[in-house]
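Asks: What follows is a predicted protein model with its sequence.
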Amino acid sequence: MVTSGKIGYLEGVAKPIVKWAGGKTRLLKHLVPFATERKMRVYAEPFMGGAALFFRLASMPERRFERAILADQNPELVAAYQAVKKHVDRVLTALQKYADREDRRELYYETRDLSTQKLGDVERAARLIFLNRTGYNGLWRVNSKGKFNVPYGRYLNPKIVDPERLHAASAALALAEIRHVDFLEVSRECAEGDFVYFDPPYVPLSKTATFTAYASQGFGPDDQERLAKEMRRLRDRGVRAMLSNASNAETRRLYEGLETEVVYAPRAINSDPKKRGEVAEVLVRNWKGGAK
Ligand SMILES: C[S@@+](CC[C@H](N)C(=O)[O-])C[C@H]1O[C@@H](n2cnc3c(N)ncnc32)[C@H](O)[C@@H]1O
């Protein structure tokens, strides 16, 4: 159950507030059994993105963690979660201002080109949610200078203001500490009895795959190696860790010797349903034994 001052919002309803490349909603049925095998002290999700697994776990009738640590390298995303956690009503008011404007296409490009440096977290949250709801395919992509560069999406009726979803998310986020750090800073702090779920940018399936450019720094082969080492280090320290990634020869090499299984999920990020198809992902665990 989501416990915070916001009980008025139904338990069990917290869901991602942004559509994110690699979002895990479609894989939850495979992830949840492993993440709930036993109770944990800390639930850590160091590549939070849309944080689908966190929101699901936080909404379960019997909560499986005492507290959560969420992190991401994307500063806009982290600012948005901080604001939704602490000032959800102000975020909703700011979103209403976006929704009230009729020249949505112009507003989109105006907002996209805003420099966020002088904005507070509430404005940054409203900006990110508005762009995410109205941008092409609802994805977040930045260029090499870290500037968001997705074109306008032409949705007929985007839901820009969604009080129920935002309040439910805010109540769930009240259970979490949210940080703008590299994944290692979070996992290094974890101890026996904690659980870490890593959902990094994918090892590319092909040379044309672009989904590794989530943040301006990207996430290269060295980062994938750092992460694979960390999975083993956590195992040696008795910390359960689970990871999802693209299923290909490179991930098989990286995680050889750990528990792996291939699962299938429909690909969401494409406005043309014919181009979505099913994607094979690999789930890696650093402990033996299956889910109940
Ligand atoms: C695949 S997405 C996570 C999707 C998420 N699990 C969901 O359900 O939507 C990967 C995330 O990792 C973040 N990221 C990239 N490099 C990182 C790093 N070194 N440390 C932490 N986060 C990083 C990206 O900004 C992106 O949001």
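Replies: Now that the structure is in, tell me what you want to look at.
Asks: For this structure, which segments count as helices?
Replies: Counting by DSSP state H, the chain has helices at residues 28-35, 52-58, 75-86, 88-100, 104-112, 121-134, 163-173, 183-187, 221-236, 249-254.
Asks: what does the stretch 51-200 of the chain put close to the ligand?
Replies: A51, A52, A71, D72, Q73, N74, D182, F183, D199, P200 (CB under 6 Å from any ligand atom). Placement of C-beta: from N, CA and C, glycine included.
Asks: mind listing what L128 touches?
Replies: For L128, the contacting residues are V18, E76, L77, A79, A80, W140, by CB atoms under 8 Å, 6 or more residues apart in numbering.
Asks: quick one: which of the helices of the chain is nearest E45?
Replies: Comparing these by their distance to E45 (CB to CB), the top pick is helix 52-58, with 5.1 Å.
Asks: residues in contact with that closest one?
Replies: Helix 52-58 is contacted from outside by 2, 14-16, 23-25, 27-28, 31-32, 35-36, 43, 45, 48, 63-65, 68, 70, 169, 172, 175-176, 197, 199, using CB under 8 Å, 6+ apart.
Asks: Any of those residues buried? List them.
Replies: 2, 14-16, 23-25, 27-28, 31-32, 35-36, 43, 45, 48, 63-65, 68, 70, 169, 172, 175-176, 197, 199 (16 or more other CB atoms under 10 Å).
Asks: Give me the domain ranges for this protein.
Replies: The chain resolves into domains spanning 25-73+168-209+226-285, 79-165 when parsed by automatic domain parsing.
Asks: Mind putting the ones you listed into a markdown table with mean pLDDT?
Replies: What follows is the domains of the chain, written out as a markdown table (pLDDT from 0 to 100):
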| stretch | mean pLDDT |
| --- | --- |
| domain 25-73+168-209+226-285 | 91 |
| domain 79-165 | 93 |
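Asks: JSON lines for these, including distance to G220?
Replies: What follows is those, written out as JSON lines (distance: least, CB to CB, whole Å):
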{"stretch": "domain 25-73+168-209+226-285", "distance to G220": "9"}
{"stretch": "domain 79-165", "distance to G220": "13"}
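Asks: out of those domains, nearest to F219?
Replies: Proximity of the domains of the chain to F219 was assessed by CB to CB; the nearest stretch is domain 25-73+168-209+226-285, lying at 4.1 Å.
Asks: Pull the distance from that closest one to the chain's centre.
Replies: On the basis of CA atoms, centre = their mean, to the nearest Å, the separation between the geometric centre of domain 25-73+168-209+226-285 and that of its chain is 9 Å.
Asks: start the count at 13, not 1, going forward
Replies: Understood, numbering begins at 13; the last thing we discussed is domain 37-85+180-221+238-297.
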